[in-house]
Structures are given as structure tokens and as C-alpha cells.
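Participant: No sequence on hand, only this structure:
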């Protein structure tokens with residue numbers, strides 16, 4: 001695949017109609033993996049599972065996370081996309097539950113799709129270590145059938161949910177969850193960078209209420225948070241859980257040479273400042289990548305743009321298989337989404353046009369190229385989307401196709417703003433009175449104040 005990336009980049013360099021529109025071209029040097037041996041305390045079952053999947057050592061940040069959890073710290077792990085953050089919490093949590101069978105764990109995800117994806121990974125681990133009955137992992141959200149909920153409450157060792165369900169469906173009915181809360185040892189908050197602003201402020205209050213319920217039943221769970229790159233991970237993590245947090249941000253995962261291009265579509269009318277459509281130009285670049293058989297993800301801003309991108313790419317593609325090019329957005333049925341994700345992992349789907357629904361850590365394997373049509377609105381989101389491209393040590397490519405908007409044009413003319421600044425801070429204000437008063441009412445309903 002590295003030769004295909006080099007081929008397309010050489011073609012674009014020599015193609016005047018493309019090269020003259022490249023406002024910036026930055027190359028990030030490859031980085032080798034920084035690995036550590038399995039911790040001696042790691043259970044034999046989990047060590048054998050890792051070896052069976054071809055993993056013979058841990059990345060540095062994974063080993064550090066395991067040790068920090070063993071030492072009793074609340075933990076925030078900050079690393080790039082596809083850097084193995086999931087193992088940073090699944091290893092220590094499952095290891096602890098194997099050694100303490102009565103323990104429970106709650107995994108919180110910002111979306112239902114992400115919870116479904118992680119349940120599949122968890123079940124794979126539990127099946128291989130032959131513990132699917134003693135350590136049952138289940139999703140408890142709005143889609144969980146009512147007849148299954150009592151069984152999950154009673155038998156689930158690892159519950160996967162989201163903050164909305166915790167707020168509406170679990171905390172108000174905590175008496176039916178008393179055994180779970182009494183045995184709760186871990187709360188995992190994945191993709192914590194999603195919890196910022198008003199939404200994050202509400203989530204912080206939901207976590208306050210959760211800890212209050214835990215104290216009532218005699219438990220003090222340990223927190224493990226994960227995040228993509230943000231400027232203030234410690235401030236955000238401690239603001240969400242109101243406890244001291246140890247941050248691990250030394251990413252030990254490898255990556256190959258990374259090319260990042262900012263592409264500004266050509267002018268149609270210089271006097272009026274009218275440029276070619278970023279949607280058409282982005283689809284053109286994605287089509288060229290597809291012709292080279294380079295697996296590509298194309299990020300659009302709206303559902304309508306996703307359907308237009310699909311139309312352009314399918315009209316251009318000469319292959320007869322319509323499943324080579326797929327869309328991914330809200331409105332698709334869960335079964336369709338799972339089929340698309342599996343097709344991406346197997347390499348059968350060569351191009352996917354997606355909204356930010358695929359920006360979070362859903363496992364779609366390592367893509368070779370990412371085309372971002374329009375600035376996503378923040379440096380952090382741009383890095384998250386661009387980070388979808390990259391397979392271990394092979395070269396990867398990300399292209400930001402700017403739109404006519406003022407912000408996009410500023411980036412095209414001042415690329416140093418993007419390349420030389422750190423990602424934004426994620427801010428919350430859980431003590432804002434309009435937010436706090438609502439949760440005080442909820443807390444009073446759950447447990448009377450004394």
C-alpha cells in the first residue's frame with residue numbers, strides 16, 4: 001500500500017491543476033513503537049489471549065495505564081486515534097474482575113454505536129479466556145429489550161451504557177440496581193473529549209449523582225477515562241469526576257510517514273471570489289484514491305453531502321460491486337452500520353463517506369487515506385478525523401478540502417494556524433445554576449437530602 005500512496009502523491013505533485021491548489025503540504029516523520037513486556041501481575045488467561053491475537057508486548061502507554069490502575073489511581077489516558085486506548089481499560093478491568101469475581105464495572109460511551117462496537121471486542125476477549133458466563137458483558141441502553149433488563153441488572157459483571165441512560169434509566173431506579181452499585185469497582189468514561197460545554201456540564205452532574213449513589217451502597221469506584229488529544233486533559237477529567245487524576249499522554253503506538261494536505265479549490269470568478277465546489281473537488285480527489293485501490297474515508301458535514309458524495313463516487317467508479325463504496329450516517333439501521341464496519345475492517349469496502357459518526361473510536365481498521373470536506377470546526381476534531389488514516393508503519397494521507405467559508409479560507413491562507421497550534425481546551429461548568437438546579441432536583445428524588 002505504501003507504493004500506491006507514493007504513486008498518487010507523485011501524480012498530484014506533477015498534476016498542475018491539483019498541485020497549484022495545495023495551500024500546504026506537511027509531512028510527519030514515522031515513529032516506531034515503544035513497547036513493554038506484559039506486567040508480571042497480568043493474569044495468565046489475559047496474557048494468553050493477547051498472544052493468541054498476535055500481541056506479544058504492550059505499548060508504553062498501555063503498560064503504564066495497567067500499572068496506574070493497579071496502584072489505585074484514577075486515570076486519564078490521552079493518545080491518538082487507533083493507538084490502542086481500549087486495552088488501557090479492558091486489560092486492568094477484566095484482570096481485576098477475574099481476580100475478584102464479585103466486582104462490577106460500568107463502561108460509559110457517548111454513542112450507542114460505540115458501545116455496540118466495544119461489546120463485540122469485550123465478548124471476543126471473554127470467549128477466548130472462557131469466561132463469558134462468570135463475567136457477562138451486556139449493553140443497557142434505550143434499545144435493550146425490556147424482558148432482558150432484569151437479567152442484565154442481576155447478572156451483568158460489565159455494563160455498557162451512555163450518560164443519558166445512566167441519568168434517565170439507572171440512577172432514578174437505583175434500588176433495583178443496589179447489588180450492582182454495591183459491587184461497582186470501576187467506571188470507565190470513553191472519549192471524554194466529547195463531554196464538553198453544556199453537555200459535558202450535565203454529564204459531570206450525572207457523575208456526581210452516580211458517586212452519591214455509590215457511597216450510599218458502600219462502594220468507591222475507580223475511574224478510568226480516555227480521550228483523543230485535547231489541550232487540558234487533566235482539567236477536564238478532574239472536572240468531570242471531581243477527584244485527582246493521573247494523566248498518561250505518552251503515546252507508545254507506532255505510525256508511518258503521514259502526509260497532511262490543505263487543498264483550496266480553484267477560483268471560478270476571481271472578482272467575485274467564487275471557487276469550485278469543495279464537495280466536487282473532494283469527491284474528485286477521493287475518486288483518484290479509489291482508482292488506485294487506496295482505502296479511503298471521506299468526511300462530510302451533513303447527511304445530504306454524504307449522499308451527494310456517494311453519487312459522485314459511484315458514477316465515477318468502474319467496478320460493478322456497489323458495496324465497494326458505502327455511506328455511514330445517522331438514519332442507517334444498526335445492522336447496516338455493523339455490516340459497513342465489518343466490510344471496512346476486512347477491506348471489502350474501499351471507500352466510505354461518513355459524517356462525524358465515524359469520528360469517534362469505532363473499530364473500522366486502519367484506513368489508508370482520509371479526505372475531510374470542510375473544516376470540522378476545531379483542531380481537535382480535524383486531528384481526530386485525519387487520524388482515521390494510518391496502518392501501523394505504512395504511509396498515510398489526509399486531505400482537508402476547504403470550503404468557501406471565511407474560517408476555511410483563513411486556514412487555507414494561514415495554514416500555520418492549524419499546524420502550529422495545540423488542540424483546543426475542553427471546558428465545562430457543572431456549577432452553573434441553570435444546570436446544577438436541575439440535577440439537585442434529580443438527586444433529591446433519588447435519595448432524600450439529610
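Facilitator: Cool, got the structure. Predicted, not measured: the structure shown is a model, and the values here were computed from it.

Participant: Helices of the stretch 301-450 of the chain, start to end?
Facilitator: Secondary structure of the stretch 301-450 of the chain (DSSP state H, counting those that start in this stretch): helices at 303-316, 334-346, 379-386, 406-413, 416-419, 433-446.

Participant: Next: the stretch 101-250 of the chain.
Facilitator: Assigned by DSSP H, counting those that start in this stretch, the helices in the stretch 101-250 of the chain fall at 112-128, 146-155, 163-165, 178-182, 197-216, 233-241.

Participant: helices or strands up against the second one?
Facilitator: Read it as helix 146-155. Packing partners of helix 146-155 (3 or more C-beta pairs under 8 Å, 6 or more residues apart in numbering; DSSP states H and E): strand 136-139. The C-beta positions use only the backbone N, C-alpha and C, and glycine is treated the same way.

Participant: What mean pLDDT does the strand it packs on get?
Facilitator: What strand 136-139 shows for mean pLDDT is 92.

Participant: which neighbours does it have in its sheet, and in what orientation?
Facilitator: strand 156-161 (parallel) (DSSP bridges).

Participant: Not counting sequence-adjacent ones, nearest residue to residue 165?
Facilitator: Sequence neighbours aside, residue 141 is the residue nearest to residue 165 in space, at 4.7 Å (criterion: C-beta to C-beta, 6 or more residues apart in numbering).

Participant: Would you check how far apart residue 349 and residue 169 are?
Facilitator: Note on residue 349: its distance to residue 169, by C-beta to C-beta, to the nearest Å, is 34 Å.

Participant: So the residue of the chain most remote from its centre, which state does it fall into?
Facilitator: The C-alpha centroid of the chain is most remote from residue 271, which lies 42.5 Å away (C-alpha atoms, centre = their mean). Secondary structure, DSSP: H, G, I helix; E, B strand; the rest coil: residue 271 is coil.

Participant: Going by mean pLDDT, which of the helices of the stretch 101-250 of the chain comes out lowest?
Facilitator: For the helices of the stretch 101-250 of the chain, mean pLDDT drops lowest on helix 112-128, to a mean of 85.

Participant: Show me how far that one is from its chain's centre.
Facilitator: The chain centre lies 14 Å from the centre of helix 112-128; the measure is C-alpha atoms, centre = their mean, to the nearest Å.

Participant: need the helix or strand of this structure with the lowest average pLDDT.
Facilitator: Here the helix or strand of the chain ranked lowest by mean pLDDT, DSSP states H and E is helix 334-346, holding a mean of 83.

Participant: any idea how far residue 187 lies from residue 61?
Facilitator: Taking C-beta to C-beta, one finds residue 187 at 20 Å from residue 61.

Participant: scratch that, residue 384 is what I was asking about
Facilitator: Distance, residue 384 to residue 61, using C-beta to C-beta: 17 Å.

Participant: likewise residue 334?
Facilitator: 31 Å.

Participant: So for these two, which sits in the more crowded spot?
Facilitator: Between residue 334 and residue 61, counting by other C-beta atoms under 10 Å, residue 61 is the more crowded of the two (24 against 11).

Participant: Do I have it right that that one meets residue 79?
Facilitator: Yes. Under the criterion of C-beta atoms under 8 Å, residue 61 makes contact with residue 79 at 5.7 Å.

Participant: so what sits against both of those two?
Facilitator: Here residue 61 and residue 79 have 249, 251, 253 as joint contacts, going by C-beta atoms under 8 Å, 6 or more residues apart in numbering.

Participant: Which one of the residues you listed sits in the busiest neighbourhood?
Facilitator: Counting neighbours by other C-beta under 10 Å, the top entry in the shared contacts of residue 61 and residue 79 is residue 253, with 22 neighbours.

Participant: Grab the nearest non-local neighbour of that one.
Facilitator: In space, and not counting its chain neighbours, residue 253 is closest to residue 83: 3.9 Å by C-beta to C-beta, 6+ apart.

Participant: burial of that neighbour, as a residue count?
Facilitator: 24.

Participant: Pretty sure it sits against residue 61.
Facilitator: Yes. Shown here, residue 83 and residue 61 form a contact pair, counting by C-beta under 8 Å, at 7.3 Å.

Participant: Common neighbours of these two, please.
Facilitator: In terms of C-beta under 8 Å, 6+ apart, residue 83 and residue 61 are both contacted by the residues 251, 253.

Participant: gap between residue 441 and residue 247?
Facilitator: For residue 441, the distance to residue 247 - C-beta to C-beta - is 34 Å.

Participant: Same drill for the two, tell me which one is more crowded.
Facilitator: residue 247 (19 against 10).

Participant: Relative to residue 196, how far out is that one?
Facilitator: From residue 247 over to residue 196 the distance is 17 Å, taken as C-beta to C-beta.

Participant: same check, this time on residue 107
Facilitator: In terms of C-beta to C-beta, residue 107 sits 20 Å off from residue 196.

Participant: now swap in residue 102 and tell me
Facilitator: In terms of C-beta to C-beta, residue 102 sits 35 Å off from residue 196.

Participant: where does residue 359 land on pLDDT?
Facilitator: Looking at residue 359, its pLDDT stands at 58.

Participant: Sorry, wrong one. I was asking about residue 1.
Facilitator: For residue 1, the model assigns a pLDDT of 52.

Participant: ditto for residue 391
Facilitator: 68.

Participant: contacting residues around residue 106?
Facilitator: Counting by C-beta under 8 Å, 6+ apart, residue 106 has contacts 158, 159, 161, 166, 184, 186, 187, 188, 221.

Participant: And for the first one, the neighbour number?
Facilitator: Going back to what we said before, that points to residue 158. Close neighbours of residue 158, defined as other C-beta under 10 Å, add up to 25.

Participant: how much space between the residue nearest to it when sequence neighbours are not counted and residue 90?
Facilitator: Distance criterion C-beta to C-beta, 6+ apart; nearest residue to residue 158, sequence neighbours excluded, is residue 137 at 4.2 Å. Applying C-beta to C-beta, the value for residue 137 to residue 90 is 10 Å.

Participant: and for the two, which residues touch both?
Facilitator: Overlap of the contact sets of residue 137 and residue 90 (by C-beta under 8 Å, 6+ apart) consists of residue 122.

Participant: more neighbours, those two?
Facilitator: residue 137 (24 against 21).

Participant: dump the residue contacts of the more buried one.
Facilitator: Contacts for residue 137 (C-beta under 8 Å, 6+ apart) come out as 119, 122, 123, 126, 156, 157, 158, 159, 160.

Participant: now residue 323
Facilitator: Residue 323 makes contact with 343, 348, 349, according to C-beta under 8 Å, 6+ apart.

Participant: In a markdown table: those residues, plus neighbour count and distance to residue 49.
Facilitator: A markdown table is the format used below for the contacts of residue 323 (neighbours: other C-beta atoms under 10 Å; distance: C-beta to C-beta, whole Å):
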| residue | neighbour count | distance to residue 49 |
| --- | --- | --- |
| 343 | 18 | 26 |
| 348 | 15 | 26 |
| 349 | 23 | 28 |
